[in-house]
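**Student:** After the sequence you'll find the predicted model.
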Amino acid sequence: MARKKSEGPREPKLLRVGVAAHELGLHPFTVRRWIKQGKIQAVRVGLEARIPRTEIERLVGKADEQLLVLYGRVSGQGQRDDLETQLARLERWAKTERPGRQAVVLSDIGSGLISHTQTTGAEALDGL
């Protein structure tokens, strides 16, 4: 009896840590740490951990609700053109790697040597 050809490549149900990390936009070390902390459910296959596709979908669903912050910085007024280049590259990256996510662009010009005020992330976003 002949087997039917599938209509396309089958997507694996269990992903290696590196593949899962790539899909989540995280470093593999972060994924492994989250597995140990219980933030990500994994299945042991021999000595390796594998992450179920459903777990990736669950995490991506949560990540889509988060705000994407893009930050560019240069050290002086003479580098304003460099700052614009940085911001353009960050925005292109966000469109290709995190499509559909709401992004906030923050930029800074300063030497970083003298800081008179400190603001928290929440205070900085209040001004937007």
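**Tutor:** Done, it's in.

**Student:** and the residue most central in space within the chain, backbone torsions?
**Tutor:** By C-alpha atoms, centre = their mean, the chain has its centre lying nearest to Gly25, at 3.9 Å. Per-residue torsions, Gly25: phi 70, psi 30 (degrees, to the nearest 10).

**Student:** do you know how far it is from Leu90?
**Tutor:** 14 Å (C-beta to C-beta, to the nearest Å). C-beta here means a position set from N, CA and C on the backbone, and glycine is covered the same way.

**Student:** How about Ala20?
**Tutor:** 25 Å.

**Student:** cool, and Val69?
**Tutor:** Counting by C-beta to C-beta, the gap from Val69 to Leu90 is 10 Å.

**Student:** so the residue nearest to the centre of the chain touches Glu97, yeah?
**Tutor:** Yes - with contact defined as C-beta atoms under 8 Å, Gly25 reaches Glu97; the gap is 6.8 Å.

**Student:** Who has more neighbours out of Val69 and Leu90?
**Tutor:** Using other C-beta atoms under 10 Å as the criterion, Val69 and Leu90 rank with Leu90 on top: 19 against 14.

**Student:** which parts of stretch 24-37 are buried?
**Tutor:** Leu24, Leu26, Val31, Arg32, Trp34, Ile35 (16 or more other C-beta atoms under 10 Å).

**Student:** Run through the residues that contact the last one.
**Tutor:** Which is Ile35. Val17, Gln41, Ala42, Ala49, Ile51 (C-beta atoms under 8 Å, 6 or more residues apart in numbering).
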